[in-house]
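Colleague: sharing a sequence plus its predicted fold:
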Amino acid sequence: MNKFDLQKLRDLPIEGVALRLGMKVQKHKALCTFHDDKHPSLSFNISKNTFKCFVCDAHGGVIDLAMQVLGKDFKEACQWLADEHNIIMSEWKPAESPKLITHDSKLITTKYSKYFARPFLNAAAHQFLFEERKLHPAVIRWFRINSWTDRQGTSWLQIPYFDINGQLIGVQNRKLTTQHSALKTPRFLFPKGSQCSIYNLPVLKMLQEEEDLWITEGCSDCWAMLSSGRKAIAIPSATLLNPKDLEVLRNHNSKLRPQNLHIFPDNDAPGERLYLQLKELFPQLERHPLPEGIKDFGEYYSKLITNNS
């Protein structure tokens with residue numbers, strides 16, 4: 001793990017990390033989980049992105065907090081942070097995962113198009129996509145989602161990324177299996193060479209003048225949004241927001257009226273940060289808050305379908 005990867009993790013908003021760790025944060029304070037705390041004695045310094053307990057003297061940064069709360073070592077805590085916040089760690093090179101060997105889009109298409117020409121969904125993929133997430137089969141077919149199982153028995157979704165013209169530019173692998181043997185690998189793997197930033201870019205060419213466009217956070221939220229009948233793109237992580245992709249959005253933004261750009265940000269600190277970044281670039285962006293206790297739009301959609309069935 002190189003210093004740039006570590007810096008991504010250390011820059012995560014510490015209060016957002018605390019919330020994902022199950023801590024209740026109010027006015028930059030929380031009950032300390034490292035001793036029998038009756039009154040909030042753990043304080044967060046958001047300018048320094050650190051924490052400190054003024055009773056037991058537990059202190060540190062983002063990685064330290066994850067290590068101490070989860071009881072994990074440094075490497076395991078870093079992996080958990082990357083998984084929970086959808087951060088790409090450049091060093092990971094799993095032996096069982098298909099690898100992109102070049103940035104040349106023609107070679108990528110030649111090597112990987114066979115995986116998505118006739119996508120196959122195994123039992124774990126069916127369970128996740130249709131039983132748990134309640135997604136529409138036509139949407140999954142549109143996205144050409146594939147699945148595979150490695151030699152350790154770990155099941156993965158294989159998700160293609162296309163540029164605005166439908167050219168295959170990258171692959172994301174998402175772990176589905178939760179047995180103990182699979183816990184040693186990250187939940188998300190972007191093989192070397194993948195260009196995975198804004199997801200579902202081809203939909204921009206299908207966008208009619210003055211039609212709504214929804215921005216989601218992560219592929220599964222995008223699948224849910226399309227299953228609900230809306231046109232959507234996804235930004236898998238705020239760390240992936242780059243000038244080239246933003247320029248693509250700006251070019252298509254001319255089709256949109258002020259009320260036609262929407263977002264359901266995740267109910268956490270990273271979601272709030274992504275919304276604020278996009279709001280600065282697109283002032284007309286309209287925010288739609290999720291109900292209290294709902295993490296993301298994918299969870300909201302699946303519960304809505306379950307309650308209505």
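Modeller: Alright, I've got the coordinates.
Colleague: so residue 76 is in which element?
Modeller: Residue 76 is located in helix 74-84, with elements delineated by DSSP states H and E.
Colleague: what's the offset of that helix from the middle of its chain?
Modeller: Relative to its chain's centre, helix 74-84 lies at 14 Å (C-alpha atoms, centre = their mean, to the nearest Å).
Colleague: ok, now stretch 23-43?
Modeller: On C-alpha atoms, centre = their mean, the centre of stretch 23-43 falls 28 Å from that of its chain.
Colleague: buried residues in it?
Modeller: Neighbour counts using 16 or more other C-beta atoms under 10 Å place 23, 25, 29-33, 40-43 of stretch 23-43 among the buried residues. All C-beta atoms are positioned from the backbone trio N, CA, C, and that covers glycine.
Colleague: mind picking the lowest-pLDDT entry from those?
Modeller: Lowest pLDDT of those: residue 33, 84.
Colleague: tell me which element the residue lying closest to it once chain neighbours are set aside falls in.
Modeller: Distance criterion C-beta to C-beta, 6 or more residues apart in numbering; nearest residue to residue 33, sequence neighbours excluded, is residue 69 at 5.6 Å. Secondary structure assigned from DSSP H and E places residue 69 in helix 62-70.
Colleague: list the buried residues in that helix.
Modeller: So, applying 16+ other C-beta under 10 Å, buried residues of helix 62-70: 62-69.
Colleague: distance check, residue 262 against residue 268.
Modeller: With distances taken as C-beta to C-beta, to the nearest Å, residue 262 is found 19 Å from residue 268.
Colleague: and residue 278, by the same measure?
Modeller: Residue 278 is 16 Å from residue 268, where distance means C-beta to C-beta.
Colleague: give me the residues contacting stretch 29-36.
Modeller: With contact meaning C-beta atoms under 8 Å, 6 or more residues apart in numbering, stretch 29-36 is reached by 18, 23-24, 37-44, 53, 55-56, 58, 68-69.
Colleague: make it 10 Å
Modeller: If you take C-beta atoms under 10 Å, 6 or more residues apart in numbering as the criterion, stretch 29-36 is touched by 15, 18-19, 21-25, 37-44, 51-58, 65, 68-69.
Colleague: cool, stretch 118-133 as well?
Modeller: If you take C-beta under 10 Å, 6+ apart as the criterion, stretch 118-133 is touched by 135-137, 139-141, 143-149, 154-158, 160, 174-178, 220, 223-224, 227, 298-299, 301-302, 305.
Colleague: quick one, which of those are buried?
Modeller: Buried subset of these (neighbour count, 16+ other C-beta under 10 Å): 135-136, 139-140, 143-149, 154-158, 160, 174-177, 220, 223-224, 227, 298-299, 301-302, 305.
Colleague: buried residues of the helix holding residue 76, list them for me.
Modeller: For helix 74-84, burial by neighbour count (16+ other C-beta under 10 Å) applies to 77-82, 84.
Colleague: between it and helix 62-70, how many degrees?
Modeller: Note on geometry: by axes from the mean of the first three to the mean of the last three C-alpha atoms, to 10 degrees, helix 74-84 and helix 62-70 are set 100 degrees apart in direction.
Colleague: listing request: residues of the stretch 101-250 of the chain with sub-threshold pLDDT.
Modeller: Scanning the stretch 101-250 of the chain with the threshold set as pLDDT under 70 gives 101-110, 178-185, 192-194, 196, 237-243.
Colleague: how about the helices in it?
Modeller: Taking DSSP state H, counting those that start in this stretch, the helices of the stretch 101-250 of the chain run over residues 105-117, 123-126, 137-143, 203-206, 219-227, 243-253.
Colleague: what would those look like in JSON lines with distance to residue 233?
Modeller: Converted to JSON lines, those look like this (distance: least, C-beta to C-beta, whole Å):
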{"stretch": "helix 105-117", "distance to residue 233": "19"}
{"stretch": "helix 123-126", "distance to residue 233": "23"}
{"stretch": "helix 137-143", "distance to residue 233": "12"}
{"stretch": "helix 203-206", "distance to residue 233": "6"}
{"stretch": "helix 219-227", "distance to residue 233": "7"}
{"stretch": "helix 243-253", "distance to residue 233": "8"}
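Colleague: pick the most deeply packed of these.
Modeller: For the helices of the stretch 101-250 of the chain, the largest average neighbour count (mean count of other C-beta atoms under 10 Å) is found in helix 219-227, namely a mean of 25.
Colleague: list just the nearest of the buried residues of helix 74-84 to residue 244.
Modeller: For those, the minimum distance to residue 244 (C-beta to C-beta) is 23.4 Å, reached by residue 82.
Colleague: the closest one against residue 17, yeah?
Modeller: No. Assessed by C-beta atoms under 10 Å, residue 82 is found out of contact with residue 17, at 11.8 Å.
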